[in-house]
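Asker: sequence unknown, structure follows:
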């Protein structure tokens, strides 16, 4: 881990980088994940490394959608498992959502390591992908669990790749994602896009879910009805271009 003092202006960023590197050492994160993380970190720097109002609106709507879901699922890749394992598990317990491992670069060994990593962090059950059930995808992420993503009505997929997000939407599933790039295919295709760093977004999403648990169904439906993902992305893009 970094030996930089907490007073270092890039301390938090260095800690997050160390988590990704540690994920590679543990065999849960792909080396390609370093590139994806670096791209997101650059955009976060431009956004001022803070959670904007457009992200807070998306977080509120995501919480409402997860609470209303009949069969929610949380899809976990290597970067998400390395960065926020406990938070993903906590959210799953809050909304009664199963966790399912799903990675881009094919590796049964890494899938099992991610599963064990989540179990060690407190998960009760972690599904593994089994069959090629998602149509329209030629690579590994077409595989999913018949009792997980395949049956889900709402899929929470932080740090997603665009083609699977598109495929899931074509299956009439609502997709919630966390993506620092408002111009990505994932951001444009998802039902709800949280343009924020997953390190900041997950605690806020958990807190908002706790808060909205007290609301009635019609109030949660109103939150979702008043949400406009295109506007959120437009606001995020303006923040990037400033």
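Answerer: Sure, I can see it. If you're wondering where the values come from, they're calculated on a predicted model, not measured in any experiment.

Asker: Leaving out the residues flanking it, which one is nearest to residue 61?
Answerer: residue 227 (4.2 Å; C-beta to C-beta, 6 or more residues apart in numbering). The way it works is simple: take the backbone N, C-alpha and C, and place the C-beta from them, glycine included.

Asker: Surely the one you found is in contact with residue 193?
Answerer: No: contact criterion C-beta atoms under 8 Å: residue 227 and residue 193 do not qualify, at 10.5 Å.

Asker: what is in contact with those two at once?
Answerer: Jointly contacting residue 227 and residue 193 under the rule C-beta atoms under 8 Å, 6 or more residues apart in numbering are residue 58.

Asker: ok, the two, which is more surrounded?
Answerer: Taking other C-beta atoms under 10 Å, residue 227 and residue 193 do not tie; residue 193 has more neighbours (29 against 18).

Asker: In which helix or strand does the more buried one reside?
Answerer: When secondary structure is defined using DSSP states H and E, the element that contains residue 193 is strand 192-194.

Asker: quick one: average confidence on that strand?
Answerer: The average pLDDT within strand 192-194 is 98.

Asker: cool, and stretch 67-75?
Answerer: The pLDDT scores in stretch 67-75 average 98.

Asker: just stretch 39-48 next, same as before
Answerer: Mean pLDDT, stretch 39-48: 90.

Asker: can you check stretch 108-121 too?
Answerer: Computed over stretch 108-121, the average pLDDT equals 96.

Asker: How about stretch 17-35?
Answerer: On average, the pLDDT along stretch 17-35 is 86.

Asker: The most centrally placed residue in the chain sits in which helix or strand?
Answerer: Residue closest to the average C-alpha location in the chain (C-alpha atoms, centre = their mean): residue 158, at 1.3 Å. Following DSSP H and E, there is no helix or strand that holds residue 158.

Asker: how close does it get to residue 197?
Answerer: To residue 197, residue 158 is 10 Å away according to C-beta to C-beta, to the nearest Å.

Asker: OK, contacts around residue 52?
Answerer: Counting by C-beta under 8 Å, 6+ apart, residue 52 touches 195-196, 235-236, 239.

Asker: what does residue 211 give?
Answerer: The neighbourhood of residue 211, defined by C-beta under 8 Å, 6+ apart, consists of residue 63.

Asker: Roughly how far does it sit from residue 55?
Answerer: Relative to residue 55, residue 211 is positioned 16 Å away (C-beta to C-beta).

Asker: Now the nearest residue to residue 178 once chain neighbours are set aside. Its backbone dihedrals?
Answerer: Leaving aside its chain neighbours, residue 178 sits nearest to residue 158 (4.0 Å; criterion: C-beta to C-beta, 6+ apart). Main-chain torsions, residue 158, degrees, to the nearest 10: phi -70, psi 140.

Asker: right, and residue 235 touches residue 54 too?
Answerer: Yes: under the criterion of C-beta under 8 Å, residue 235 makes contact with residue 54 at 4.1 Å.

Asker: With neighbour numbers in mind, choose between the two.
Answerer: Using other C-beta under 10 Å, the more surrounded residue of residue 235 and residue 54 is residue 54, with 22 against 18.

Asker: Do I have it right that the more buried one meets residue 229?
Answerer: No: look at residue 54 against residue 229 with C-beta under 8 Å: they stay out of range, at 10.1 Å.
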